[in-house]
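K.L.:
this is the structure alone, sequence omitted:
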């Protein structure tokens, strides 16, 4: 999906909601555990209940890998199911990969190449530590996106990401600056956590045109309104992720309905914010 | 495997050789492609031919993921096969994972937990960018190891890893320093590339007791003797990886024999170096 298609999708749905499929087998409703593939069955029902409210789904690959080859099959089934929604959904593999060039090339193929060569995601999260040749292979796929970690939502972000470099600016700023040489606002986004909205405003100034993928709203404590105030632009520029708060809104038979209800609340708040800046 | 067992293994085999199973389906000998599971069959024959010369095997997870759930099954079969060698082999998942705490916990379980909960590797490579809570979950498994990226062997290492921080020291030094608070020489190693042997000497001074996993000898141009001169200690302290140079030494019917021959050459050089510093 290219930038224009993504912008059209956002305007059509009046939403910047990404739903994180952190589909932990130990947390999904008990009655699903007898299904052939409980994780896929959970995802399918979540997707059916929410896809009119969300523009993106983001499977968190760790929760699939932790189930071994069966889990990987659940991931394959999930992306196949999302593909049936066509251009109505932007798909993100939250994988945080990154390795030397020839190895990153393998990861890129695994997640971005069209089936049957790869899973055919629209985007993948990538870690920047190893630098250019660890990131560039992901940028060679047409109409696909790298979502580079910049300033994450966790407490450990203060160990390195916010530490000052020799020029007095933090490491995440160097990541934003250097990575401009590898891609642009048509094929690269950045992860910037909702838990530091004041820094999100600084990031917005440094990369005025790039989409930011913002985790940390909800369970991790970030405020949707604060994030929008600092990060939203007339061309939108934000995709806001919510995972646990939506998908585990209820552990009962009504889990999909409860997820829709929570997504609806976020969608309404997002509509107001998008309207406020004139993005819809 | 704990540190003492690893040291015993090194002395017993007089080797610090790790063989990287970067088992690219497009590069393995053609005659294996008719096997039920060509990647596993390739690995099995490489392991059979070399396990008396190597102390460790390091499947590069990207080459398995790029084959989808079938590739993940090849990885499961490979670690199951390595497990039959018991304490005679140290196993490393070269996965370069790292995410917020609860997600890193899932990756840790996937790779380090004993079967059937996880793959039961002895160690996993982890990326440090996201800081403490992205690394610490991997350290909660008894007698398992985190191998943290410090100074990698690729050209992109100069984008961030070697950049100077506010105190005038490079980022990789900050990674070495800060991560001392999370683990110690009994459960943490560092990745330091063979392509910068002079910096390897500086790293050795900063972490005198830690094992260093050194990729980049061979195909990437690093010299075994240089690496040993800068990094070897009387307590050993090095695991040197070679991947493509060994496993793809021949593309013919004789690939396993050719791999053994190449491993044997490295083993002899390692014996000399270990003998020189009195580590065996």
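P.N.:
Structure received. Since this is a predicted model, take the numbers as computed values, not measurements.

K.L.:
show me what contacts residue A:75?
P.N.:
Contacts for residue A:75 (C-beta atoms under 8 Å, 6 or more residues apart in numbering or on different chains) come out as A:59, A:61, A:64, A:119. In this view, the C-beta of every residue, glycine as well, is placed from N, C-alpha and C.

K.L.:
can I get these in TSV including neighbour count and secondary structure?
P.N.:
Below are the contacts of residue A:75 laid out as TSV (neighbours: other C-beta atoms under 10 Å in any protein chain shown; DSSP: H, G, I helix; E, B strand; the rest coil):
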residue	neighbour count	secondary structure
A:59	26	strand
A:61	29	coil
A:64	30	helix
A:119	27	coil
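
K.L.:
list just the nearest of those to residue B:188.
P.N.:
residue A:61 (24.1 Å; C-beta to C-beta).

K.L.:
number of nearby residues for the closest residue to the closest one other than its chain neighbours?
P.N.:
Among residues not flanking residue A:61 along the chain, residue A:95 sits closest, at 4.4 Å (C-beta to C-beta, 6 or more residues apart in numbering or on different chains). Neighbourhood size, residue A:95 [other C-beta atoms under 10 Å in any protein chain shown]: 24.

K.L.:
verify the contact between residue A:234 and residue A:275 for me.
P.N.:
No. Using C-beta atoms under 8 Å, residue A:234 is not in contact with residue A:275, being 11.5 Å away.

K.L.:
centre of the chain versus the longest helix along chain A, how much separation?
P.N.:
Of all the segments of type helix in chain A, defined by DSSP state H, the longest one is helix A:255-276. In terms of C-alpha atoms, centre = their mean, to the nearest Å, the centre of helix A:255-276 is set 17 Å apart from its chain centre.

K.L.:
can you give me the buried ones in that helix?
P.N.:
A:255-256, A:258-260, A:262-263, A:266-267, A:269-270, A:273-274 (16 or more other C-beta atoms under 10 Å in any protein chain shown).

K.L.:
what ranges does the stretch 51-200 of chain A have for its helices?
P.N.:
In the stretch 51-200 of chain A, the helices defined using DSSP state H, counting those that start in this stretch lie at A:62-65, A:68-83, A:101-112, A:132-135, A:171-179, A:197-206.

K.L.:
buried deepest among these, which one?
P.N.:
With neighbours defined by mean count of other C-beta atoms under 10 Å in any protein chain shown, none of those is more surrounded on average than helix A:62-65, at a mean of 27.

K.L.:
and that one, what does it pack onto?
P.N.:
Under the contact criterion of 3 or more C-beta pairs under 8 Å, 6 or more residues apart in numbering or on different chains; DSSP states H and E, helix A:62-65 touches helix A:68-83, helix B:101-112.

K.L.:
adding distance to residue B:248, write those helices out as a markdown table.
P.N.:
Compiled in a markdown table, the helices and strands packed on helix A:62-65 are given as follows (distance: least, C-beta to C-beta, whole Å):
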| stretch | distance to residue B:248 |
| --- | --- |
| helix A:68-83 | 25 |
| helix B:101-112 | 25 |
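
K.L.:
in the stretch 151-280 of chain A, which residue sits nearest chain B?
P.N.:
residue A:156 (2.5 Å; C-beta to the nearest C-beta).

K.L.:
what's the burial count for that residue?
P.N.:
Neighbour tally, residue A:156, other C-beta under 10 Å: 23.

K.L.:
do the same with residue A:220
P.N.:
Neighbours around residue A:220, by other C-beta under 10 Å: 18.

K.L.:
and residue A:14, by the same measure?
P.N.:
Residue A:14 - counted by other C-beta under 10 Å - has 18 other residues nearby.

K.L.:
doesn't residue A:271 make contact with it?
P.N.:
Yes. In this structure residue A:14 lies within contact range of residue A:271 using C-beta under 8 Å: 4.9 Å.

K.L.:
which residues are common contacts for these two?
P.N.:
residue A:280.

K.L.:
so the residue of the stretch 151-280 of chain A closest to chain B touches residue B:128, yeah?
P.N.:
No. Contact criterion C-beta under 8 Å: residue A:156 and residue B:128 do not qualify, at 9.0 Å.

K.L.:
need the residues touching each of these two.
P.N.:
Contacts common to residue A:156 and residue B:128, judged by C-beta under 8 Å, 6+ apart, are B:134, B:135.

K.L.:
for chain A, give me the ranges with low pLDDT.
P.N.:
A:219 (pLDDT under 70).

K.L.:
name the helices or strands packed onto the longest helix of chain A?
P.N.:
Using 3+ C-beta pairs under 8 Å, 6+ apart, helix A:255-276 sits against strand A:17-21, helix A:38-50, helix A:224-231, strand A:238-242, helix A:244-247.

K.L.:
closest to residue A:178 out of the ones you listed?
P.N.:
helix A:224-231 (21.2 Å).

K.L.:
pull out the buried positions in the closest one.
P.N.:
A:224, A:226, A:227, A:228, A:230, A:231.

K.L.:
farthest-apart pair in the contacts of residue A:75, please.
P.N.:
So, these by C-beta to C-beta: farthest apart are A:64 and A:119, at 10.7 Å.

K.L.:
burial of residue A:278, as a residue count?
P.N.:
Neighbours of residue A:278 using other C-beta under 10 Å come to 10.
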